[in-house]
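**Student:** Sequence isn't available, so here's the structure alone:
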């Protein structure tokens, strides 16, 4: 397993930098975006708070098994005769004196120490089911926090790469528009020389307008994507984010068996489900513990005074035992329901395992498909560049019509856009694989 972790460290790296650097020069990299989002995302902060709540809940449950010291004080005035059942029947107080009419003020106080000895079938809270249930809740909440962090990192990566892809779309649209304008100038010159028809010139004007519209659309998309990334970072949607494209490095993908082992060992969803299975088993033990007795040691010291010369004190120490004898089958029903809950959680754990395995397999296949598609698309772009160059040369020599040049230009333009899309799809594919592995890291894509 250690060798696999070494391979994973070469495959992934934690991409966290101090969030304060994000505004150093107002240039955002993927690292600074992730660091800032993890620090400021409200959903993630809420999940972090939930861990603290569960921790306090555990402390509360643990305190219930520890000694308790209570103090009670009272003062008042009484008048009349004793009303205990013994005094009424025998006209004698519990102390053996004849009951009589009394009146006067009094003040009393008592200290009581209670020490739980046996609770839930265990002595001194050692491995008590209630404590184990509270501890499992902490584990679940920590897992949910890490899973939420992984999801946020992935979403930030998607928005970041979408914005970078849009920048590439703008660049390609600008180059395409520049080429269309050059072609239009050439066409105007040929039109003045009666070497080009009016219709062909108008066709080129339409193409030029389409190129301008494509550039405007790309710029507007940039604003929308910028707003989406800003909101995910916890910033105002109007905040301009200047993202920095980096030299990404795609590490070789490990074997499928190794990736599956890594995912099952690191995915927080698996850890959460395992914790829920353990929690269900502890709930079953807690239900069974209702048939066991409870034993407590109770010691009390009390003092009373009549606001005069008379004072009484009393010290008692007892060991108290309480246990159920008959509950009409309530405990049996509770135990049966908890046993079914254990079976349910075990099945959900197996279903989660299968879901994770499917995600890893799909991610690996997706990367392989995109990589093959990029290799093909690069050859297509090279062929279209050569074809466009040849068509332009032939058009200048009046060997081919303008439509042939435009067709070659648009084929090159479309193939370049497709290649750019596929390259960014590959980045997203690697991020999807990193998310499927559940290591809560971003792929080491920066040289």
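**Tutor:** Great, that's in hand. None of the values given here were measured: they were computed from a predicted structure.

**Student:** which regions of the stretch 251-400 of the chain sit below the pLDDT cut-off?
**Tutor:** Along the stretch 251-400 of the chain, the parts satisfying pLDDT under 70 run over 251.

**Student:** Please enumerate the strands of it.
**Tutor:** Secondary structure of the stretch 251-400 of the chain (DSSP state E, counting those that start in this stretch): strands at 294-305, 311-322.

**Student:** Check what contacts the last one and list those residues.
**Tutor:** By that I understand strand 311-322. When contacts are defined by C-beta atoms under 8 Å, 6 or more residues apart in numbering, strand 311-322 is touched by residues 117, 293-305. For the C-beta atoms, the positions are set from N, CA and C on the backbone; glycine is no exception.

**Student:** what's the answer for stretch 193-213, then?
**Tutor:** With contacts defined as C-beta under 8 Å, 6+ apart, stretch 193-213 is touched by 173, 176-177, 180-181, 183-184, 187-188, 190-191, 398, 401-403, 406.

**Student:** any idea which of the strands of the stretch 251-400 of the chain is most buried?
**Tutor:** Ranked by mean neighbour count under mean count of other C-beta atoms under 10 Å, those are led by strand 294-305, which reaches a mean of 15.

**Student:** How far does that one sit from its chain's centre?
**Tutor:** 50 Å (C-alpha atoms, centre = their mean, to the nearest Å).

**Student:** give the contact list for the residue in the chain sticking out farthest from the centre.
**Tutor:** For the chain, the largest distance from the centre (C-alpha atoms, centre = their mean) belongs to residue 98, which lies 73.5 Å off. Neighbour list for residue 98: 91-92 [criterion: C-beta under 8 Å, 6+ apart].

**Student:** if you skip the residues just before and after it, what's nearest to the spatially most central residue of the chain?
**Tutor:** Nearest to the mean C-alpha position of the chain, by C-alpha atoms, centre = their mean, lies residue 148 at 0.6 Å. Spatial nearest neighbour of residue 148, excluding adjacent residues (C-beta to C-beta, 6 or more residues apart in numbering): residue 47 at 4.9 Å.

**Student:** Likewise for residue 380?
**Tutor:** The spatial neighbour of residue 380 that comes closest, neighbours along the chain excluded (C-beta to C-beta, 6+ apart), is residue 415 at 5.0 Å.

**Student:** Dihedrals phi and psi, residue 329?
**Tutor:** Residue 329 has phi and psi values of phi 80, psi 10 when expressed as degrees, to the nearest 10.

**Student:** oh, I was asking about residue 125
**Tutor:** The phi/psi pair for residue 125 (degrees, to the nearest 10) is phi 60, psi 20.

**Student:** who touches it in this structure?
**Tutor:** Each residue near residue 125 by C-beta under 8 Å, 6+ apart is listed here: 62, 65-66, 116, 119, 131.

**Student:** Can you select the buried ones among those for me in ChimeraX?
**Tutor:** Buried residues among the contacts of residue 125 (16 or more other C-beta atoms under 10 Å), as a ChimeraX selection:
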select :65,116,119,131
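
**Student:** Which of the contacts of residue 125 fall in strands?
**Tutor:** Using DSSP state E, the subset of the contacts of residue 125 located in strands is 116, 119.

**Student:** If you count contacts, what does the top helix by length along the chain end up packed against?
**Tutor:** Longest helix in the chain by number of residues (criterion: DSSP state H): helix 330-396. Helix 330-396 sits against helix 129-192, helix 256-266, helix 268-288, helix 402-437, with contacts defined as 3 or more C-beta pairs under 8 Å, 6 or more residues apart in numbering; DSSP states H and E.
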